[in-house]
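Student: sequence unknown, structure follows:
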């Protein structure tokens, strides 16, 4: 049983159970088994068992103290173990840090030594390179001087040859120029003669064309003037036909109007630019223009003629049948 395996409660519980069993056995032995006696009604045997709290006994208290002491010892041992482990780790970390510092110092010393050696090596390399550079420059100057001397000699020879060839070419060119000048002079003379002939023919043609154009322009101008005069008279008569004579109208009164036409002959705008001195006379004249509305004959007029003569006209309205 599991409770027998417990070191704290196994023995006390075992003793308590044994005591109860002994009490039961004593009660059984004390019963009278005589058959002659009048049998009395049997009563159930009552066993009073008392549960003993082991912690209240001396043994339980001693065991409790022992357990507490063991627990404290275990806690102290664990604490010492942790402290020792912590101390060991700190010592190991300190040693590792010290080793790292030593390694870093050694590395720095090695690096400084290597830098110093590299510096000396670089200085030596520069010295050797400078010597080599100076030697190369001296050799380059010597070779350059030799090349320049050879070039100048070659250039002088080439210049001498070029001058001789140039002189020969110049003589040939002079001869060619002379021949070409003679040819061009002949061609120029022929060209001038031909140009003179063409110019005379063109002049005669231009004069004839100009005369014809002048005659045509004069004819068209005459026709245009006649048409303008005719349409102007037509506009004047149309306005006069719808003019409502005011009572104040007198001979000598005249009003100047500016009329804008559209290409189809419609009047787009009209205004009095110079009045007669009589406001009613001027207003009646302007009303007459607006009543006309359109001059159909303008729709048949050439657009160029219309734009030049009838897009905007100035009309002087001066009736001659007024009273004195």
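Tutor: Here it is on my side, so go on. Computed from a predicted model, the values in this text were never measured in an experiment.
Student: Report the separation between residue 194 and residue 140.
Tutor: Distance, residue 194 to residue 140, by CB to CB, to the nearest Å: 70 Å. All C-beta atoms are positioned from the backbone trio N, CA, C, and that covers glycine.
Student: Can you name the residues in contact with stretch 234-252?
Tutor: The contact list for stretch 234-252 (CB atoms under 8 Å, 6 or more residues apart in numbering) reads 259, 278, 280-281, 284-285, 287-289, 291-292, 295, 297, 313, 315, 317, 319-320, 322-324.
Student: Which of those are buried? Put it as a ChimeraX command.
Tutor: Buried members of these, defined by 16 or more other CB atoms under 10 Å, are picked up in ChimeraX with:
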select :259,278,281,284,285,288,289,292,295,315,317,319
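Student: Among the contacts of stretch 234-252, name the ones in strands.
Tutor: 259, 313, 315, 317 (DSSP state E).
Student: nearest spatial neighbour of the first one, skipping sequence neighbours?
Tutor: Beyond its immediate neighbours in the sequence, the residue positioned closest to residue 259 (CB to CB, 6 or more residues apart in numbering) is residue 270, lying 4.7 Å away.
Student: Which strands border the helix or strand where that neighbour lies, and is each parallel or antiparallel?
Tutor: Using DSSP states H and E, residue 270 sits in strand 267-274. If you go by DSSP bridges, strand 267-274 pairs up with strand 255-261 (antiparallel).
Student: before we move on, back to that, in the strand holding residue 270, what's buried?
Tutor: 267, 270, 272.
Student: Name the surrounding residues that touch that strand.
Tutor: 255-262, 282, 285-286, 289-290, 292-295, 314.
Student: List only those of those residues flagged as buried.
Tutor: The buried subset of the contacts of strand 267-274 (16+ other CB under 10 Å) comprises 255-257, 259, 261, 282, 285-286, 289, 292, 295.
Student: If I look at residue 284, what pLDDT would I see?
Tutor: On pLDDT, residue 284 comes in at 92.
Student: do the one 3 residues further on as well
Tutor: At residue 287, the model reports a pLDDT of 93.
Student: and the nearest residue to it once chain neighbours are set aside, how far is that from residue 291?
Tutor: Using CB to CB, 6+ apart and skipping the chain neighbours, the partner closest in space to residue 287 is residue 244 (7.0 Å). In this structure, residue 244 and residue 291 are 9 Å apart, going by CB to CB.
Student: Likewise for residue 297?
Tutor: Per CB to CB, residue 297 is found 17 Å from residue 291.
Student: try residue 22
Tutor: 159 Å.
Student: before we move on, the earlier item: tell me the one of the buried ones among the contacts of strand 267-274 nearest residue 309?
Tutor: residue 261 (9.9 Å; CB to CB).
Student: Next up, the contacts around the closest one.
Tutor: 267-268, 295, 298, 306, 310-313.
Student: Tell me the spacing between residue 225 and residue 232.
Tutor: Distance, residue 225 to residue 232, using CB to CB: 10 Å.
Student: And the two? Which one has more around it.
Tutor: residue 232 (16 against 11; other CB atoms under 10 Å).
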